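Undergrad: Sequence first, then the predicted structure, then my questions.
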Amino acid sequence: MSIKLSELAQKINCRLQGEDCLIDNVADINHAGDGDLVFISNVHYKDALSSTNASAVICKEEWLDGCSLSALLTDDPRLAFAKAATLLNPVVNEDQGVHPTAVIANDADVDASAILDANVVVKAGARIGAKVYIGAGTIIGENVSVGEGSYLNANVTIYPDCIIGNNSILHSGVIIGADGFGFVRDKDTYFKVPQLGRVRIGNDVEIGANTTIDRGALIDTVIGDGVKLDNQIQVGHNVEIGDHTVISACSCIGGTARIGKFCLIGGNVGVRDNIEITDNVMITARTFVTASISKSGSYSSSTPIDDTANWRKNAARFKQLDEMSRRLRKLEKKLSSVNDD
Amino acid sequence: MSIKLSELAQKINCRLQGEDCLIDNVADINHAGDGDLVFISNVHYKDALSSTNASAVICKEEWLDGCSLSALLTDDPRLAFAKAATLLNPVVNEDQGVHPTAVIANDADVDASAILDANVVVKAGARIGAKVYIGAGTIIGENVSVGEGSYLNANVTIYPDCIIGNNSILHSGVIIGADGFGFVRDKDTYFKVPQLGRVRIGNDVEIGANTTIDRGALIDTVIGDGVKLDNQIQVGHNVEIGDHTVISACSCIGGTARIGKFCLIGGNVGVRDNIEITDNVMITARTFVTASISKSGSYSSSTPIDDTANWRKNAARFKQLDEMSRRLRKLEKKLSSVNDD
Amino acid sequence: MSIKLSELAQKINCRLQGEDCLIDNVADINHAGDGDLVFISNVHYKDALSSTNASAVICKEEWLDGCSLSALLTDDPRLAFAKAATLLNPVVNEDQGVHPTAVIANDADVDASAILDANVVVKAGARIGAKVYIGAGTIIGENVSVGEGSYLNANVTIYPDCIIGNNSILHSGVIIGADGFGFVRDKDTYFKVPQLGRVRIGNDVEIGANTTIDRGALIDTVIGDGVKLDNQIQVGHNVEIGDHTVISACSCIGGTARIGKFCLIGGNVGVRDNIEITDNVMITARTFVTASISKSGSYSSSTPIDDTANWRKNAARFKQLDEMSRRLRKLEKKLSSVNDD
């Protein structure tokens, strides 16, 4: 698919500078060729403009700096580029309708415009909305509802009664609605606490590969609108994640945690059970959130990397920190009495 | 399903106080309505008793404190509630027998009372016990044995020769018996060490979504009776986990580790290869177990959360800890000589 | 399968000492019986030689120490044993050809020697090489290429356009080519950045259960030849992992990270986005790599385990480290002035 640069400028709300040309696709600035549109997100990359073979660039006007490359000017090159990339790469699915190997319960309600690929299983009472795509091998449990326009990749599993909103994307290996982790000690065994809540996922949510979201125990686990979860995230039962919060890969959200809106949570973060985090909180990668956060801002834990020999010496001292602090206090007292002499 | 409160009292071994009534289900105390049974697990929640719309509560007698709500009295409200919830919510499977799309090897031995859902694959030599449930898309490898009453959710994968005991629950995405991670350097490549052991899982085990348990190299990986594993846990080859040990989400158990009975291991814990942990050990969330533990008790590592600016200053000092300790010692010596003057 | 010890010696390039005998299989030294071949990898285990019931042992000559057990002598017992184990346990697949339930697109190119098990799905344009094995329920996306001799276990998912080299092994639950995690803030929502690159996996790679490797945004994510990835590893978009690098379970490699050749990365390691790590770097388990590493060597972070009561006291001091350092400096100044008096 090709488009004139001038036409693209209009569609993504940029100002064209330089010659018009035909754009075939987007590309990385160092690998681009004729017909490619590239971008720079930062003035530091501006030197690449003189060496790229791209046909045009998206950038801020002040970064062009005399470069004669055709350009689409905007204050937010990253966003404009994402929009151009989306326009030039429409999601195409060659699958159509319901594959003959799909197993659909008689009383499931599958919209005529939905696409269900090979070996999809839709259980009794499930509702599949308009223009939904369901990839091969995906299992939709009893009474699950998948909203209009949502896109479930291959090999996803949705447990009974869960709700997926509209225009949400679930990647392969995602498990929605498995039992939360609840047991009560009963003499010398553990008794399983039935997990009776559901998972409710909002609109415009994206959930990465192999991420797991447990159903609630008595209430529902709730993922707000616009939430973006990366791969291999674990979300415990009863958790509530506010609208437009973004969580990076391998983070682990403990049961009954409540996370606000517009939070940015880095990779490999842990959030302890029952924690509350207010809106607009940033948690840097690898942090363990051990206490509730009621003030928006940036929070961190973890220790810095070092070469192993040095690290070993310093880490050993970690176990003496309290003692060191006491000795320091003692010295201060002593020295103050020395000075007082 | 409805039951008289008095009848429920008998079944779960509580003492009824107040008026009898009909109970339809359990609920969260803040969301309960007519016909709902709730519980409080802690005296701190006792104020909720006056505002709840529930029909009855499970609690300790002393927490009732004049409240006229119908009550089931017990010393362990959490356990009694779990039992009531289980009674009121029996696991019902509308699937019956073997789905026509299931692919069963000729010489597999599937009990007539087992339920196998759509697209289940059972390979040669496998044995599926009485009243086993196997969800859609689950793959049972060659010679695998699944014991009576076990419940495998959709999209589980069991590699050949592994053994699942009775009444165990495996959640979706669980992988049992993939090769352990074993390689030997052979000049400029790595040579794969064949993983010839199995995974043996006991009775009454529960394994959370996307958890992986590797087969042993020469001996078996063994999961004891009553073990509860949360989601996204990794268990390396040759590991042994003792009966009734409970491990929370995202923990990573290194190869050949041996963990005792009745341990409680928090979320995101790492256990290094070859570690031994005795019985009745508690490991708090996010700890990295770098040495064997031969004494029961509670163990921890990790660092506390702080706002990022403070954390950055303190974390930088971590790399000076050994030097700080030496300087402290020097000061102590100096000061003792000053004092001696 | 049985083989004469003398014949095995030749095949794995060891020197036979003692009587020849028939070997049926390999075993763990403590569980071995008649016909078993065992090994010791370390002089510390040499005492086990006198008590084992094995028929023969692989070890270094100097460890035999008068023991009359038949022995295969070599300088690298671990490697010789791995080779013997491989010879004695050839991978056998009783599946043959394409299972009737497999769903193969008309224009997919499946080699006649490939084995595709039940419910495999191969989408349009995919190419499956000679002697490839694809386990039940595995989904091969559009235009994917799987090279000769590769072995994909059950329930693997490969997104469109990805490339798997020759003789590579993918374990169950692996997801190759899901979208990288890329969003741009657009007023009060996030706009998805299309992920247009692929994943390219080299030859002789092994990828553990439930590991996820995201496709690149504009360029490809690249996994070099001979790379070994354990279970539940996350590899972000645009990452490049050099040939023969080995990464243990549950590690999380951030987007656009570049890792060199022959690195050894422990379990539960995190690598921040955009980090570069040179060749021959070792990262110990549980380390968080927060800065690029340009010099080969061993690197670490994390804190040591302690009993919880002590740990709590020391961890609290972590938040005072910078203050402690300043107080220490002050004391040093004071004391130097005292001494100067």
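TA: Yep, that arrived.
Undergrad: For the rest of this, base every contact and every neighbour count on C-alpha atoms.
TA: Noted.
Undergrad: B:Leu88 versus A:Gly202, what's the distance?
TA: According to CA to CA, to the nearest Å, A:Gly202 and B:Leu88 sit 29 Å apart.
Undergrad: Give me the more crowded residue out of those two.
TA: Applying other CA atoms under 10 Å in any protein chain shown to A:Gly202 and B:Leu88 shows that A:Gly202 carries more neighbours, namely 22 against 18.
Undergrad: For the residue of the stretch 1-150 of chain A found nearest chain C, which residues are in contact?
TA: Across the stretch 1-150 of chain A, the shortest distance to chain C (CA to the nearest CA) belongs to A:Ala82, at 4.9 Å. With CA atoms under 8 Å, 6 or more residues apart in numbering or on different chains as the criterion, the residues that contact A:Ala82 are C:184, C:191-194.
Undergrad: swap the cut-off to 6 Å and go again
TA: For A:Ala82, the set of contacting residues under the criterion of CA atoms under 6 Å, 6 or more residues apart in numbering or on different chains consists of C:Val193.
Undergrad: Where does the prediction get shaky in the stretch 51-200 of chain A?
TA: Under the criterion of pLDDT under 70, none of the stretch 51-200 of chain A is flagged as low confidence.
Undergrad: near chain C, which residues of it?
TA: Taking CA under 6 Å from any CA of the partner chain, the part of the stretch 51-200 of chain A that reaches chain C is made up of A:79, A:82, A:86.
Undergrad: can you put the residues you listed in JSON lines and add secondary structure?
TA: Formatted as JSON lines, those follow (DSSP: H, G, I helix; E, B strand; the rest coil):
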{"residue": "A:Leu79", "secondary structure": "helix"}
{"residue": "A:Ala82", "secondary structure": "helix"}
{"residue": "A:Thr86", "secondary structure": "helix"}
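Undergrad: Return the member of the residues you listed nearest to chain B.
TA: Looking at these and their distance to chain B, the nearest is A:Leu79, at 27.6 Å (CA to the nearest CA).
Undergrad: Not counting its own residues, what contacts the lengthiest helix in chain A?
TA: Selection of the longest helix in chain A by residue count, based on DSSP state H, yields helix A:321-340. Where contact means CA under 6 Å, 6+ apart, the residues beyond helix A:321-340 that reach it are C:313-314.
Undergrad: Can you list the buried residues in that helix?
TA: Residues of helix A:321-340 classed as buried by neighbour count (16 or more other CA atoms under 10 Å in any protein chain shown): A:321-322, A:324-325, A:328, A:331-332, A:334-335.
Undergrad: what's the answer for stretch A:83-92, then?
TA: Along stretch A:83-92, the positions that meet the burial threshold by neighbour count (16+ other CA under 10 Å) are A:83-89.
Undergrad: Repeat that for stretch A:254-270.
TA: Buried residues in stretch A:254-270, defined by neighbour count with 16+ other CA under 10 Å: A:254-270.
Undergrad: can you pull the contacts of whichever residue of the stretch 101-250 of chain A sits closest to chain C?
TA: With distances taken as CA to the nearest CA, the stretch 101-250 of chain A approaches chain C most closely at A:Asp230, which sits 6.1 Å away. When contacts are counted by CA under 6 Å, 6+ apart, A:Asp230 is found next to A:208, A:248-249.
Undergrad: do A:Ser172 as well
TA: The neighbours of A:Ser172, taking CA under 6 Å, 6+ apart as the test, are A:153-156, A:209.
Undergrad: Which of those fall within helices?
TA: Counted as lying in helices by DSSP H, out of those, is not a single one.
Undergrad: If we check chain B, which of those are in contact?
TA: Counting by CA under 6 Å from any CA, the subset of those that neighbours chain B is empty.
Undergrad: Of the contacts of A:Asp230, which is the nearest to C:Lys123?
TA: Taking CA to CA as the measure, C:Lys123 lies nearest A:Gly208 of the contacts of A:Asp230, at 21.8 Å.
Undergrad: residues contacting whichever residue of the stretch 101-250 of chain A sits closest to chain B?
TA: Taking CA to the nearest CA as the measure, the point where the stretch 101-250 of chain A comes nearest chain B is A:Val193, at 4.9 Å. The contact partners of A:Val193, taken as CA under 6 Å, 6+ apart, are A:182-183, B:82.
Undergrad: can you rerun that using 8 Å?
TA: Listed by CA under 8 Å, 6+ apart, the contact set of A:Val193 reads A:182-184, A:217, B:82-83, B:85-86.
Undergrad: Just the terminal-to-terminal distance for stretch A:26-43.
TA: Note: stretch A:26-43 ends 20 Å apart using CA to CA.
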